[in-house]
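# everything below, folded, please.
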Amino acid sequence: MKRTVTSFLAALITSTLLPVLPLSPWRILSAQAQSAVVLENLQFKGDTTLVRIPKMTVEGGNASKVEIEAFFDALSLNTLAERLAKLSARSISIPLIEVTQDLPDVTGVTSYKDIVLRDIRNGVITEALLPSTVTSTKAKPGKSTLGNFEMTMADSVMRETDMPLLLRFVYDKAKEGEALKTAIAEQRVGKTLYRIGGEMTVSVTNISLRDLKLRPLKQPLASFVPELQKQAQSPASDRGKASLGFAADLLTAMSYGHMEMNGFSMDGKPPGSTTPITFTMDRLSGFGGGDQPGRFSMQGLRVAANDTRVNFGEFTLDGLDLSALWDVLRKYDGTTSSELSSLDPRSFIPKLNVLRIVGVDIDVPDTRTVGQRIQAKLGLFETRMANFIGPVPANVGITLDGLTMNIPPDTKEKGLTDILALGYKSLDIAMRYDQVWDETTRTLKLNEFSLKSAGMFSASAKTEIGNVGKEAFTLDKAVAAVAALGVSAKNLEVSVRNDGLFEKLLAQQAQLQKRKPDDVRAELAAGATLMAPLLLGDHPGAKLIGAALGKFIAEPKNIRIGAVAKGGGLGMADFVAVSDPRTLLKKLDITASANE
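From the prediction side, this is the model:
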């Protein structure tokens, strides 16, 4: 399986790079001759790549035909960037560019037709038109489990394309301290179609990209792709660890100001799978890359496989910061003997400002009960995080709204059977959580923690905790435990509103006891009024709590109980030193009310 995945990744990188590789030759042909210059039978050769150009016409160039031909005497792609940076022309037209790549597991051929390049200045193309691109990759006998791969791409347009930089990104090593630089100011691609292994089809309506920035890599990209193929033959080699460093270098060597893909569709069997799947997505967009936080968003995502269906209205990650992960992976560049198993996952936890999921619709078979289905929907789930102490957010906001689920009538799940017994056939849940930490006052406030189940109840709580320092947010359990000893609880307020659950519980108890519901209610109300003072002691607040509970049970609408610590707060020492918890009540001012 690892070999299959590695082969697929190598082929995917190859097919992605092929559209770039041929661009080099045509930009190179940008020699600005004062009259039209026609060149024929041009070829460029790299370690695994051969680029063939049967004919090219250069107009308005800055060199004669002899000079241009001399320019192409150097057939190596590896030294092309330096020469290309000196070339300029008014326009270049190329009927065909053919790129052949010979990798250990596959052979790929890409054809670019009817290319037109306009206003080339020192290797930077103002506008490049590429009406048609066709890629065909074939697996070598007995060397790949991936199968064949085909791609067609229509109507590609690029503006302000820095071809020397693109060539260096593929064939050259980075210089010390080299930073990202804009390689393509804007790119638009029309209909794209992929056929993978004869059993899967992928199509994209259009793609647009702005401000693509690149820098060369520590190891040239063109030399690493064949090595990635070789790893399929020796998956346990140390080179597998080194590839992690290369991946970090590659993913931080590119960024984009904006990317958008519309009309994505995938249908068939993925490589290595026997299950057909249909995957469609209306829109994918985002920005980021390099070492900077980015944004990634999908809209209109639909997945269907066998008898399973899952739909997402939106899935968004905003402020995603993977810099800690890149720092860890960079160590695996072939020079370290450290094993992956020794990695501490806490050292590379990503940071994220926003996670948002909207409009989820799930309809799947219940694997525990034949013929039964699990159906659920989600209106909104959103997590907002900020004020990070290391990888831990001190400020957290969570919203869950419109989580609905039909309870299968034959379910065996204990909690669900209890809800069914009360007469509920579905659940409708909402939740809110809002936590804010103030470093100046060392105060952690839980502004809201609420839970609501439609037709059942709603409850909320809020509290304030003092003497909370940065140490409380560490992932080191020992340090966090020590920090917890110093915190102090200042106040707490809890509210509950009955929306029908109490009546159903009362009716159930009355049925079990074979009594009238009103008799059970009266007994419970009286018991709560009397028992609270007995359990909580002679604190004045005990009677308030008992009275509020009795009033609520007699007429279940709402109840609120609050507590404020005297003297600034209750610390851990207050709880540890007390033998009778009821004595803690003397350190609290308690309020309670019902049905207000």
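
# pull out the buried residues from the strand or helix carrying Met405.
Of the helices and strands defined by DSSP states H and E, Met405 is found in strand 392-406. By neighbour count on 16 or more other C-beta atoms under 10 Å, the buried set for strand 392-406 is 392-403, 405. The C-beta positions use only the backbone N, C-alpha and C, and glycine is treated the same way.

# can you pick out the most distant pair from these?
The largest separation in those, counting by C-beta to C-beta, is between Ala394 and Met405 at 32.8 Å.

# just name the shakiest helix or strand of this structure by mean pLDDT.
In the chain, no helix or strand scores lower on mean pLDDT, DSSP states H and E than helix 23-28, which sits at a mean of 34.

# off-centre distance for the host helix or strand of Ile115?
Taking DSSP H and E as the criterion, the element that holds Ile115 is strand 106-121. Averaging C-alpha positions (C-alpha atoms, centre = their mean, to the nearest Å) puts strand 106-121 33 Å from its chain's average.

# which strands or helices does the following helix or strand past it pack on?
On the C-terminal side of strand 106-121, the nearest following helix or strand under DSSP H and E is strand 124-139. Packing contacts for strand 124-139, counted by 3 or more C-beta pairs under 8 Å, 6 or more residues apart in numbering; DSSP states H and E, involve helix 2-17, helix 23-28, strand 106-121, strand 149-162, helix 163-171.

# what's the angle between strand 124-139 and strand 106-121?
Here strand 124-139 points in a direction 170 degrees away from that of strand 106-121 (axes from the mean of the first three to the mean of the last three C-alpha atoms, to 10 degrees).

# low pLDDT regions in this structure?
Applying pLDDT under 70 to the predicted model, the residue ranges of the chain that meet it are 1-35, 63-64, 67-80, 142-147, 225-242, 271-272, 332-343, 577-578.

# neighbours of Cys478, how many?
To be clear, residue 478 is Ala; Cys isn't right here. Other residues lying near Ala478 total 8 when counted by other C-beta atoms under 10 Å.

# does it belong to a helix, a strand or coil?
At Ala478, secondary structure determined by DSSP: H, G, I helix; E, B strand; the rest coil is helix.

# so it versus Leu485, what's the distance?
12 Å (C-beta to C-beta, to the nearest Å).

# cool, Leu524 as well?
The gap separating Leu524 from Leu485 is 40 Å, by C-beta to C-beta.

# between the two, which is the more surrounded one?
A direct count of neighbours by other C-beta under 10 Å for Leu524 and Leu485 places Leu524 higher, at 17 against 11.

# is it true that the more buried one touches Ile553?
Yes - in terms of C-beta atoms under 8 Å, Leu524 counts as a neighbour of Ile553; the distance is 5.0 Å.

# quick one: contacts of stretch 386-398?
324, 346, 349-351, 353, 382-385, 431-437, 439, 444, 470, 473-475 (C-beta atoms under 8 Å, 6 or more residues apart in numbering).

# got a PyMOL select line for the buried ones in the residues you listed?
Those of the contacts of stretch 386-398 that meet the burial criterion (16+ other C-beta under 10 Å) are gathered into one PyMOL selection, given here:
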select buried, resi 324+351+353+383+384+385+432+433+434+435+437+444+473+474
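
# mind checking which of the contacts of stretch 386-398 are in helices?
Ala324 (DSSP state H).

# restricted to strands, list the contacts of stretch 386-398.
Judged by DSSP state E, the contacts of stretch 386-398 include 382-385, 431-437, 444 as members of strands.

# could you dump these into JSON lines with distance to Gln372 added?
Output for the ones in strands among the contacts of stretch 386-398, formatted as JSON lines (distance: C-beta to C-beta, whole Å):
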{"residue": "Glu382", "distance to Gln372": "31"}
{"residue": "Thr383", "distance to Gln372": "32"}
{"residue": "Arg384", "distance to Gln372": "37"}
{"residue": "Met385", "distance to Gln372": "38"}
{"residue": "Met431", "distance to Gln372": "27"}
{"residue": "Arg432", "distance to Gln372": "32"}
{"residue": "Tyr433", "distance to Gln372": "33"}
{"residue": "Asp434", "distance to Gln372": "38"}
{"residue": "Gln435", "distance to Gln372": "39"}
{"residue": "Val436", "distance to Gln372": "44"}
{"residue": "Trp437", "distance to Gln372": "45"}
{"residue": "Leu444", "distance to Gln372": "44"}
